[in-house]
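> next one to model:
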Amino acid sequence: MESVIFKKSKIKYYSFCFLLLLIIIVTLYFSFRFLLYSDEYVYWMLPTETRVISLGIIGILASLALISILTKSILNKNFQIKIDNSGLFLGLIQHSKKLIYWKDITKIESINIEGIRHIIIYVKNVEYYGENEKGIQKYFFNSKMKKYKTPFVINVTALSENFDTIINSIITNWKKYKE
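Numbers count the residues shown, from 1 in each chain. Prediction:
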């Protein structure tokens, strides 16, 4: 079988990157203002200068995390879903092991998360897929495991095909190759 590849929609993807960059810039601006002029921002929600400075530091750290995610996303040349006889390659997730073998998949379903449809892929060998995760990747892996009972929660809105085409193709190939 030849591979089926769903690539990113450049307009959607770059719009998302632009919006994320805008959020980073605004967060950094206010964080540095909180650090440099902390006495001006003391009021009932932030009653002490220490809290204002703490909020500025948290804002800078959050911006650094967002910059890391944005950089990894932009430098990711395999931002796609690839389906072939060996498994499902998820290049758009931030995990170290992006190929899910058909034999490991136990269930595929779609859910709505805050009005956006997501594909959830349940696997039986979760430890294998999470053994190399470090830092923020490990945090995302564990938080998805806790909330959805699987680390593979996939938002496909940045891809060029529509949701139904992608999930139907994944399910059809899973049923074909799962043995």
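
> could I get the full set of strands for this structure?
4-7, 80-83, 87-90, 99-101, 105-113, 116-123, 152-155 (DSSP state E).

> a markdown table for those strands, including mean neighbour count?
Heads up, the C-betas are built off the backbone N, CA and C, glycines and all. As requested, these are exported to a markdown table (neighbours: other Cβ atoms under 10 Å):
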| stretch | mean neighbour count |
| --- | --- |
| strand 4-7 | 17 |
| strand 80-83 | 20 |
| strand 87-90 | 21 |
| strand 99-101 | 18 |
| strand 105-113 | 13 |
| strand 116-123 | 17 |
| strand 152-155 | 18 |
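
> CSV please, covering those strands and showing distance to residue 169 and mean pLDDT.
Shown next, in CSV, are those (distance: least, Cβ to Cβ, whole Å; pLDDT from 0 to 100):
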stretch, distance to residue 169, mean pLDDT
strand 4-7, 6, 88
strand 80-83, 6, 90
strand 87-90, 10, 90
strand 99-101, 14, 91
strand 105-113, 11, 93
strand 116-123, 11, 93
strand 152-155, 13, 90
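
> contacting residues for residue 145?
Shown in contact with residue 145 (Cβ atoms under 8 Å, 6 or more residues apart in numbering): 126, 130, 151.

> my bad, should have said residue 170
81, 83, 88, 108, 119, 121.

> let's see 6 Å
Residues near residue 170 by Cβ atoms under 6 Å, 6 or more residues apart in numbering: none.

> check what pLDDT it gets.
pLDDT recorded at residue 170 is 92.

> likewise for the one 4 residues further on?
Confidence per residue is given as pLDDT, and for residue 174 that number is 92.

> so how far is residue 2 from residue 80?
15 Å (Cβ to Cβ, to the nearest Å).

> would you mark the buried spots in stretch 44-53?
46, 52, 53 (16 or more other Cβ atoms under 10 Å).

> tabulate these (TSV), appending pLDDT and distance to residue 112.
Shown next, in TSV, are the buried residues of stretch 44-53 (pLDDT from 0 to 100; distance: Cβ to Cβ, whole Å):
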residue	pLDDT	distance to residue 112
46	85	36
52	92	38
53	94	40
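
> let me have the residues you listed in JSON lines, extended by distance to residue 169.
Output for the buried residues of stretch 44-53, formatted as JSON lines (distance: Cβ to Cβ, whole Å):
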{"residue": "46", "distance to residue 169": "50"}
{"residue": "52", "distance to residue 169": "51"}
{"residue": "53", "distance to residue 169": "51"}
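
> between the residues you listed, which is nearest residue 175?
residue 46 (55.5 Å; Cβ to Cβ).
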